[in-house]
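*Asks:* sequence and predicted structure below; questions after.
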Amino acid sequence: MSKTRTARARRLLRTAGLLLALPLLSAGASSCAHGGLVIGTVVTALPHGFLTISVGTGHLYFYDGFFYRTRGPRYVVVRPPLGVFVPLLPRGYRIVHVREVPYAYYRGIFYKEDPRRGWEVVRPPVGAQVDRLPEGAARERIDGVDYYVYAGVWYRPTVIGRSTAYVVADVQRP
């Protein structure tokens, strides 16, 4: 994260009184202290330093790339609705370019920067290439072609050199 973006995120967090979330500013780290969470996972408590995000008439809770919604006395990991803004990106995000437009990507969620509002959750751009699938992606074969699907997003494996990348595909199921 650039010094300008880091300073902007710090000001935003300070203004919002959310200094507990400062550990999130170490973008680029590849590990996640709460790895293994997938959409539908239920937890009894939110991680320390979570952010509350207003969505319509309710709230989502955000921490390091994971979105939670209340379910009774517990919380469930959910896919965020399109158009939700977060003030900063999770650790381990990657920048991918689709037709020269930069997107941030983390665990199956794509973000696009808005200089005034932060990072917006956007529809996965067809053609985006990522180096790994989100945890919980399931393999499906359609017309003899293998794809992986996660939360309604289809990925087509593509061999590049000696490694496999995954490209967001527009799959029309028969």
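*Replies:* Perfect, I can see it now.
*Asks:* strand partners of the helix or strand hosting residue 168, parallel vs antiparallel please.
*Replies:* Taking DSSP states H and E as the criterion, residue 168 maps to strand 163-169. Within its sheet, strand 163-169 is paired with strand 129-130 (antiparallel), strand 153-160 (antiparallel), according to DSSP bridges.
*Asks:* now it: buried residues?
*Replies:* For strand 163-169, a neighbour-count test (16 or more other CB atoms under 10 Å) marks 166-169 as buried. Using the backbone N, CA and C atoms, a C-beta is placed for each residue, glycine as well.
*Asks:* picking that back up, could you export the strands paired with strand 163-169 as CSV, including mean neighbour count, distance to residue 78 and mean pLDDT?
*Replies:* Formatted as CSV, those follow (neighbours: other CB atoms under 10 Å; distance: least, CB to CB, whole Å; pLDDT from 0 to 100):
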stretch, mean neighbour count, distance to residue 78, mean pLDDT
strand 129-130, 18, 21, 95
strand 153-160, 16, 15, 94
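*Asks:* which residues does residue 157 bridge with?
*Replies:* residue 166.
*Asks:* quick check on residue 137: phi, psi?
*Replies:* Phi and psi for residue 137, reported as degrees, to the nearest 10, are phi -70, psi 140.
*Asks:* what sits against it?
*Replies:* 108, 148-150, 155 (CB atoms under 8 Å, 6 or more residues apart in numbering).
*Asks:* wait, residue 113 touches residue 101, no?
*Replies:* No: Residue 113 is beyond contact range of residue 101, at 10.4 Å (criterion: CB atoms under 8 Å).
*Asks:* between the two, which one's more packed in?
*Replies:* residue 113 (15 against 10; other CB atoms under 10 Å).
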